[in-house]
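# My questions are about this predicted structure, shown below with the sequence.
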Amino acid sequence: MGLPTTRVSEKDAADDAATAAPAVADVRRKSLLQSLVSSSSPPSLLPEHDWLLGVRGFLVIQSFVWVFLTVFAPATVKGAANTDGPLYQIILRKVFSVLFWNESLIYSFIVLLSARTICLPFLVESTRQMVASQVFRRGIRLWIPTAVAFGLSTVVLNQIGLGYIDDFKTRTGNVTIETPERIQNFLNWFNSMFEIFWVNKNYATQMGSLAFPSQTLFTVSIVFVQSYTVYMTMVCIPYTRNSWRVKAFLFFIATAWWVQSWAWYSVTGVLLADVVMNMDFKAKALRGIPLRVPGIGPMRCPSYIAYAALLIAGLVMEYLWTAWRPQYENAELKGHTGLYNAGSLNDGLDLTQPLARDDNYLVIVGFMLMLETSDVLQWIFKNPLFTYLGRRSFSYFLIQATVIYTAGIKLFLHLRIDKNWPEGASNIVCLAVCLVTVVPGAELFYRVVDYPSQVLARVAWDFMTE
């Protein structure tokens with residue numbers, strides 16, 4: 001059975017296509033090319049879902065703060081190897097880093113949010129043309145910006161060398177950051193770039209991620225691979241009953257959790273999108289959760305209590321591992337099958353890899369359920385600043401680490417070592433310089449590389465289907 005399409009006769013369809021296709025394609029091509037030079041952002045497909053862009057924008061701020069603090073104040077960062085430092089840094093780590101600059105929470109949120117977002121066009125227009133277009137365009141949309149940013153960082157680091165980073169680590173005692181691996185030649189770069197979009201495990205130890213400042217390109221690998229989990233899952237939606245589909249998705253999530261696949265995050269994102277778009281989730285949530293209490297009878301519990309319970313449970317776990325018993329932080333990760341290393345539980349766990357965690361999942365799902373059902377929270381995240389950053393989130397992700405690891409570290413060494421400035425003052429100046437460099441740099445990258453890659457993907461699809 002094929003995906004649903006418009007039901008017209010073949011002759012009428014052929015005549016209409018022959019008449020309308022050139023005009024439609026010409027109008028679409030002109031609008032795409034005009035958008036390249038427009039000073040305003042392109043209109044949203046679903047304006048009522050712009051708060052999802054706002055969440056991405058909030059993650060942009062969090063990721064910048066995480067990269068900067070990992071370099072210049074690592075004792076403030078959850079999970080950093082530097083655990084000793086000034087008292088204020090330790091307080092910041094134990095109180096604020098869990099929520100606002102937590103690496104594993106950030107990349108986990110990106111994975112689930114990507115799944116929640118990329119299936120929306122298909123849920124609006126459930127045709128085979130739409131899903132084919134999404135699958136075709138996904139690679140182009142990610143390949144080009146990643147290749148340009150990875151190439152830029154490779155050229156810059158090869159030109160200025162890597163010795164200054166080792167010098168910075170020695171002088172500051174920073175044992176948290178890693179010096180990027182050196183890309184020797186074009187073939188080395190090409191193979192590393194190819195593997196970013198090829199590997200499906202051991203994401204963090206691929207050369208493409210190790211050679212990139214902050215070693216975070218593994219996030220692109222996870223998002224790209226999980227995109228196809230989303231595509232294969234979402235095509236079931238138009239053909240299945242709501243109740244059975246929810247049960248099937250929940251079973252999928254449970255089994256993916258058991259084998260510790262990132263699919264349990266991705267399918268959760270698809271399930272959230274499905275219930276919101278197709279099952280009137282918001283209205284049902286506002287009515288509350290039906291309960292039957294012995295001695296009282298049927299009643300309804302406000303749904304936000306359940307969502308808050310999920311969020312609080314995740315936060316309690318996060319804070320316990322950060323402030324009270326950090327040695328138990330990774331104990332939960334053993335409660336899965338050792339899919340790639342053993343037949344029993346996950347005893348041979350590689351903690352250097354990005355791992356799907358229970359505590360992050362509870363925080364993200366609880367928070368997303370609150371967002372899905374709260375007009376106030378959606379209004380907050382639809383503010384112009386967050387949506388502006390959200391549209392450029394990929395550009396910020398690709399540019400900020402290179403700026404901080406080059407201009408930021410070089411400036412710090414000049415101020416702290418050559419000029420003998422206090423460390424705090426040096427950090428403040430570096431923060432200001434990194435901000436005023438990253439913001440226009442990311443905007444330029446968005447205009448020159450990121451958005452044109454989206455336009456090129458659509459033009460290529462039009463060319464393939466005309």
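Perfect, I can see it now. Numbering: from 1, shown residues only.
# since we're on the residue nearest to residue 286 when sequence neighbours are not counted, how many residues are nearby?
Of all residues not flanking residue 286 in the chain, residue 373 sits nearest, at 6.7 Å (CB to CB, 6 or more residues apart in numbering). Placement of C-beta: from N, CA and C, glycine included. Number of residues near residue 373 (other CB atoms under 10 Å) recorded here: 19.
# do residue 96 as well
Residue 96, neighbours per other CB under 10 Å, totals 14.
# same thing with residue 179?
Residues lying near residue 179 (other CB under 10 Å) number 17.
# before we move on, what about residue 307?
By other CB under 10 Å, the residues close to residue 307 number 21.
# quick one: the residue nearest to residue 286 and residue 302 touch, right?
No: using CB atoms under 8 Å, residue 373 is not in contact with residue 302; the gap is 10.3 Å.
# Any regions of the stretch 301-450 of the chain where pLDDT drops low?
Counting by pLDDT under 70, the stretch 301-450 of the chain contains low-confidence ranges at 338-344.
# Would you map the helices across it?
303-319, 358-373, 375-381, 384-391, 393-403, 409-413, 423-445 (DSSP state H, counting those that start in this stretch).
# got the contact list for the third one?
If you take CB atoms under 8 Å, 6 or more residues apart in numbering as the criterion, helix 375-381 is touched by 51, 54, 55, 57, 58, 370, 371.
# Need the phi and psi values for residue 300.
Dihedral angles of residue 300 (phi, psi; degrees, to the nearest 10) stand at phi -120, psi 130.
# Please name the nearest non-neighbouring residue to it.
Residue 300 sits nearest to residue 288 (CB to CB, 6+ apart), 3.3 Å away.
# That neighbour: how many residues sit nearby?
Neighbours of residue 288 using other CB under 10 Å come to 15.
# Surely it is in contact with residue 306?
No: between residue 288 and residue 306 there is no contact under CB under 8 Å: 9.5 Å.
# quick one, what contacts residue 464?
Contact partners of residue 464, counting by CB under 8 Å, 6+ apart, are residue 136.
# So the spatially most distant residue from the centre of the chain versus residue 167, what's the distance?
Ranking residues of the chain by C-alpha distance from their mean position (CA atoms, centre = their mean) puts residue 295 at the top, at 47.0 Å. Using CB to CB, to the nearest Å, we find residue 295 at a distance of 72 Å from residue 167.
# burial of residue 78, as a residue count?
25.
# Doesn't it belong to a helix?
No: assigned with DSSP: H, G, I helix; E, B strand; the rest coil, residue 78 falls outside any helix and is coil.
# and the gap between it and residue 446?
29 Å.
# re the thing from before, residue 392 versus the residue nearest to residue 300, what's the distance?
Distance, residue 288 to residue 392, using CB to CB: 39 Å.
# Next: residue 94.
If you measure residue 94 against residue 392 using CB to CB, the figure is 32 Å.
# Find the nearest non-adjacent residue to the residue nearest in space to the middle of the chain, please.
By CA atoms, centre = their mean, the chain has its centre lying nearest to residue 110, at 2.1 Å. Once flanking residues are discounted, residue 110 sits nearest to residue 219: 6.0 Å by CB to CB, 6+ apart.
# Which strands and helices lie in contact with the longest helix along the chain?
In the chain, with assignment by DSSP state H, the single longest helix is helix 128-160. The helices and strands touching helix 128-160, judged by 3 or more CB pairs under 8 Å, 6 or more residues apart in numbering; DSSP states H and E, are helix 120-124, helix 186-196, helix 218-234, helix 393-403, helix 423-445, helix 451-465.
# Thanks a lot, catch you later.
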